[in-house]
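Visitor: need coordinates for the following:
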Amino acid sequence: VEVLHHPQPTTGIVYIDLVFDLRALPYRLLPLLPVFARCLTELGTDRHDFASLARWIGCKTGGIHEMMYTGTHEKTLQPVTKLMLRGKAMIDKVGDLLEILNEVITSTRFDQQAKLLEFVQEDKAGEESRLIPSGSSFVRRRMAAHFSIGESVSELLDGFEQVRFLRSLVHRCRNDWRDVLRDLEHLRQALLNREGMMINVTCESAHFPEVSRRLEPFLEALPRFEAAPELWTPFHPPRGEGLRGSSQVNFVGRAFNVREHGYQEHGSSLVACQWLRNSWLWDRVRVQGGAYGVSCGLDQRTGAMSFVSYRDPAVAETIKVFHQSAEALRKSVPSGTELEQNIIGVFGSINPCLLPVAKGYSSLVRHLTGMTDDARQRIRDEVLETHRHHLLAFADVIQHLAASDVVAVLGAGEKIREAAPFAKGGELAYTDLFD
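Guide: Here you go, the predicted structure:
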């Protein structure tokens, strides 16, 4: 098992992340992961019911929580999909933390139908309550699913497909419980074992030998099950989609792949996106159009560039503004002080001030995605050296946005029809959010 150590001044606290690879799982089981992960720390084990497990975690540790990571590898462009169990404890309680982690991994009791149904109903209600307030996030994730397997998995785990899955899971928990239980046990066997596992430790250098000593028996006690990576056929939403809900405002999205139009990764594109967000899009969509917000972003790894508005009264007018972005960048390309301000803004976003635990986690993500120190420095240098001709070259790339057929709009039924002319064939596929 690969163990990463990040020396940081953590004042005696040890942060341990157990990282499990999702590629050993069948694609059909991925939507079940958020519920499965929640069960590990809230359902109870063979030795502790859910209340005593919560007290044990609270008394001996600073908390244990689960999270998913989905992304794309820098060089191979293969999906990076992980389940992480993240815990923290003082150095003298590391043994207790690892004992708890071992217990939840090996002996969580999934056979509690009533309690698990309660979790699923809570998660379903929570996700449905986010659909309108977080509409721009759902639209952006929906479009991104077209451009990489990692983003497609993200849509299954935290997008509208997760909402759909939870609705069906409520029915299955009531009427097909044995099948649900079988899937949960399959996830445990295929996922929670030493094969393909990684451990990330953030602590002071003086404490790492003690942590290493504690990790050895912990790893020996974990099961080992060899499983070949599953062949995934990723889910893709309709390329032109209207998400119909009860909202009185809209969330308008447009996206395309810049790599298909000759884009070569360069840090200056981040500066171009910064200017588009804070100048062109802000003035035309936010100030003149009346939307609460608007953004654009470029995923340097996948080449996916997206434009999304937030709580927007318009639809067609906003998409037209998105299409005019290339021409706006050409005509008003920033220079002098304005260019410097955008460079400074980008530089601050790619070099944020981080707490020790965040530095350890960021290092883990860079390791998983193959982002080297040299590559990071290259991006910094390219940002600092951005000139007008770089921005003009990027404008030539994004002029192809208007030819894209990836459009997603969340809002009221009649209004979102305005996006149909911008979809392939002049038609949208309509999906009811609350059907």
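Visitor: okay, and residue 147 sits in which element?
Guide: In this assignment (DSSP states H and E), residue 147 forms part of neither any helix nor any strand.
Visitor: count of neighbours near it?
Guide: 24 (other CB atoms under 10 Å). From N, CA and C alone the C-beta is placed, and that goes for glycine too.
Visitor: do a quick rundown of the strands in the stretch 251-400 of the chain.
Guide: For the stretch 251-400 of the chain, the strands defined by DSSP state E, counting those that start in this stretch occupy 251-257, 293-298, 304-310.
Visitor: give me the contact list for the shortest one.
Guide: Outside strand 293-298, the residues within contact range by CB atoms under 8 Å, 6 or more residues apart in numbering are 136, 258, 269-270, 273, 276-277, 281-282, 285-286, 304-312, 318, 322, 325.
Visitor: tell me the buried residues within these.
Guide: Of the members of the contacts of strand 293-298, the ones counted as buried by neighbours, 16 or more other CB atoms under 10 Å, are 136, 258, 269-270, 273, 276-277, 281-282, 285-286, 304-312, 318, 322, 325.
Visitor: pretty sure residue 171 sits in a strand.
Guide: No. Assessed by DSSP: H, G, I helix; E, B strand; the rest coil, residue 171 does not belong to a strand; its assignment is helix.
Visitor: redo the strands of the stretch 251-400 of the chain as JSON lines? Include mean pLDDT and distance to residue 381.
Guide: Conversion of these to JSON lines gives the following (pLDDT from 0 to 100; distance: least, CB to CB, whole Å):
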{"stretch": "strand 251-257", "mean pLDDT": "96", "distance to residue 381": "26"}
{"stretch": "strand 293-298", "mean pLDDT": "96", "distance to residue 381": "18"}
{"stretch": "strand 304-310", "mean pLDDT": "96", "distance to residue 381": "22"}
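Visitor: now distance to residue 53 too, for these, in JSON lines please.
Guide: JSON lines is the format used below for these (distance: least, CB to CB, whole Å):
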{"stretch": "strand 251-257", "distance to residue 53": "39"}
{"stretch": "strand 293-298", "distance to residue 53": "40"}
{"stretch": "strand 304-310", "distance to residue 53": "40"}
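Visitor: closest to residue 226 out of the ones you listed?
Guide: For the strands of the stretch 251-400 of the chain, distance to residue 226 was read as CB to CB. The smallest value, 34.1 Å, belongs to strand 304-310.
Visitor: so which elements touch the closest one?
Guide: helix 135-144, strand 251-257, strand 293-298 (3 or more CB pairs under 8 Å, 6 or more residues apart in numbering; DSSP states H and E).
Visitor: now do the longest one: everything it contacts.
Guide: In other words, helix 135-144. Contacts of helix 135-144 with the rest of the structure, by CB under 8 Å, 6+ apart, involve 130-131, 151, 154-155, 158-160, 237, 241, 243, 245, 247, 251-255, 293, 295, 299, 302, 304, 306, 308-311, 406-411.
Visitor: need the contact partners of stretch 323-335.
Guide: Applying CB under 8 Å, 6+ apart, the external contacts of stretch 323-335 come out as 254, 272, 275-276, 279-281, 284, 296, 307, 342, 388, 391-392, 394-396, 398-399, 401-402.
Visitor: gap between the two ends of it?
Guide: 23 Å (CA to CA, to the nearest Å).
Visitor: so for that stretch, mean pLDDT?
Guide: Mean per-residue pLDDT for stretch 323-335: 95.
Visitor: which of the residues in it are buried?
Guide: Neighbour-count burial for stretch 323-335, counted by 16+ other CB under 10 Å, picks out 323-326, 328-329, 333-334.
Visitor: now swap in stretch 154-170 and tell me
Guide: Taking 16+ other CB under 10 Å as the criterion, stretch 154-170 shows 154-166, 169 as buried.
Visitor: I'd like those as TSV, with secondary structure and distance to residue 101 appended.
Guide: Shown next, in TSV, are these (DSSP: H, G, I helix; E, B strand; the rest coil; distance: CB to CB, whole Å):
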residue	secondary structure	distance to residue 101
154	helix	25
155	helix	29
156	helix	26
157	helix	22
158	helix	24
159	coil	29
160	helix	32
161	helix	30
162	helix	25
163	helix	30
164	helix	32
165	helix	27
166	helix	26
169	helix	26
